[in-house]
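Novice: Got a predicted structure plus its sequence, pasted below:
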Amino acid sequence: MKIRDKFAAEPRTFSFEFSPPRTPDAVIRLFETAERLRGLAQSLLAFSRPAAEEATSLDPNEVVERALDLCRYQTLKAGVRLERALAPGLPRILGVPNQLEMALINLIVNAAQAMNERPTRELRLSTEADGDMVKIRVADTGPGIPPRLQASIFEPFVTTKPEGQGTGLGLSTVLMVVERHHGKIDFTTAPERGTTFTLTLPAIR
């Protein structure tokens, strides 16, 4: 008997398994994954391709306020207490609003996420004039940056977040934006006492 005829003569039973409908948690995870991929794509584009926007005269405090408005939901959701200390009468800076706001949003969201498991969640944004420079500080009460990462924290794909959270391009993008504006960024950090990032940008003379 041919093999084909043998299988045709024998009764066969077929079984099918149907996956249950996706739970709300699964949908949320899919959405979060899509958001991370979108964020990664945007960060890669920002990191690799110079923006074509034209620089304009800006009030540093207005840049800070707009950045806070754009990430207000993330800070509220994280239970962060926000404090402002914006110096009045600052000299203006020359910059691209979207780029500077994106840099500050990265710092603010990173700070909020770093404080996720902390009993005290305070975020302080401050500005000041320092000679012919303007300084913008973003300070948190998070766990601090681990010593092993401090020397490489601005390198691409270096992150303090758990696997699956973040792209590791946030601080690289911030550094790129600050350098395009002829400024610099540095930080101070202490274990269990938080981290402060300082953006130093030239004022318009």
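Specialist: Structure received. Numbering: from 1, shown residues only.
Novice: make it CA atoms for all contacts and neighbour counts henceforth
Specialist: Will do.
Novice: ok, E54 to H181 distance?
Specialist: 12 Å (CA to CA, to the nearest Å).
Novice: what touches both of the two?
Specialist: G95 (CA atoms under 8 Å, 6 or more residues apart in numbering).
Novice: out of those two, which sits in the more crowded spot?
Specialist: The neighbour count for E54 versus H181, taken as other CA atoms under 10 Å, is higher for H181 (19 against 9).
Novice: any idea how far the more buried one lies from P202?
Specialist: Relative to P202, H181 is positioned 8 Å away (CA to CA).
Novice: Could you tell me which residues touch both of these two?
Specialist: By CA under 8 Å, 6+ apart, H181 and P202 have these common neighbours: L94.
Novice: doesn't A67 make contact with M102?
Specialist: Yes: between M102 and A67 there is a contact at 7.3 Å, judged by CA atoms under 8 Å.
Novice: Now do the helices in the chain.
Specialist: 3-9, 24-48, 60-70, 72-77, 97-114, 147-150, 170-180 (DSSP state H).
Novice: which one of these has the lowest average pLDDT?
Specialist: Mean pLDDT per stretch puts helix 3-9 lowest among the helices of the chain, at a mean of 48.
Novice: Give me the pLDDT value at the closest residue to M115 other than its chain neighbours.
Specialist: Using CA to CA, 6 or more residues apart in numbering and skipping the chain neighbours, the partner closest in space to M115 is G142 (4.6 Å). At G142, the predicted lDDT confidence score is 93.
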